[in-house]
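**Student:** Predicted model follows, preceded by the sequence.
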Amino acid sequence: MGETSLVLKKNGCEVIGIEINESTAERAKSVCKEVIVGDIEKETVWNKINGGFDVIIFADVLEHLKNPEEILKIAKKYLKKDGFIIISLPNIANWRIRISLLFGRFDYKPTGILDESHLRFYTLKSARDLIERNFKIARCLSAATRVPKVLLFVFPTLLATQWILKCEK
């Protein structure tokens, strides 16, 4: 949360964060106007929010939640009329994961697409299905490192490691 918040703050944004990890929340307080410490899936956390937001960012969050669709419904209530949500999700259909599956491997790792704390996994289709039940997808970008942009453009579902979606009411 801290790095994203720092970039937003440097660009004149007022940032309010929700963070479950107390030590991460403590570090984020130096750049956020406010940090709410708690589980985003608990109503008590949402009750601490006053007002609406121009932008809500779920950067690598939804895949860690038990009920991401419910959280999107709740977040929609806190979004201003012309506001939007940015969502980033890892792509489980990435070629590296597909190759591993061909060889019978689905090994969790400390970070990345197979992060051991992920409760859910998304392809582009399943990500769209989740989001479009509550929002209109205004833009979808594929992201990857060390992949030529032209190849990523031609084979996004195979080469992307991440989906980044701009969503509107």
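**Tutor:** Done, it's in. No experiment lies behind these values; they were computed from the predicted model shown.

**Student:** The closest residue to residue 56 other than its chain neighbours sits in which helix or strand?
**Tutor:** Closest residue to residue 56 apart from its sequence neighbours, by CB to CB, 6 or more residues apart in numbering: residue 85 at 4.7 Å. Backbone N, C-alpha and C define where each C-beta goes, glycine included. Residue 85 is located in strand 79-90, with elements delineated by DSSP states H and E.

**Student:** and what of residue 18?
**Tutor:** Using DSSP H and E, residue 18 sits within strand 16-19.

**Student:** quick one: the helix or strand of the chain with the lowest mean pLDDT to strand 79-90, angle?
**Tutor:** Sorting the helices and strands of the chain by mean pLDDT, DSSP states H and E puts helix 2-10 at the bottom, at a mean of 87. Here helix 2-10 runs at an angle of 140 degrees relative to strand 79-90 (axes from the mean of the first three to the mean of the last three CA atoms, to 10 degrees).

**Student:** still on that earlier bit, do you know how far the residue nearest to residue 56 is from residue 98?
**Tutor:** In this view, residue 85 and residue 98 are 29 Å apart by CB to CB, to the nearest Å.

**Student:** Test my guess that residue 166 contacts residue 138.
**Tutor:** Yes. In this structure, residue 166 sits in contact with residue 138. The criterion is CB atoms under 8 Å, and the distance is 4.7 Å.

**Student:** what touches both of those two?
**Tutor:** For the pair residue 166 and residue 138, residues contacting each of them under the criterion CB atoms under 8 Å, 6 or more residues apart in numbering are residue 84.

**Student:** out of the two, which sits in the busier spot?
**Tutor:** Taking other CB atoms under 10 Å, residue 166 and residue 138 do not tie; residue 166 has more neighbours (16 against 11).

**Student:** List of residues touching whichever helix or strand comes after the strand holding residue 18?
**Tutor:** On the C-terminal side of strand 16-19, the closest following helix or strand by DSSP H and E is helix 22-28. Here helix 22-28 makes contact (CB under 8 Å, 6+ apart) with 1, 2, 5, 17, 19, 35, 37.

**Student:** which non-adjacent residue is nearest residue 70?
**Tutor:** Using CB to CB, 6+ apart, the nearest residue to residue 70 is residue 41, at 7.7 Å.

**Student:** was I right about that neighbour contacting residue 68?
**Tutor:** No. In terms of CB under 8 Å, residue 41 does not count as a neighbour of residue 68; the distance is 9.1 Å.
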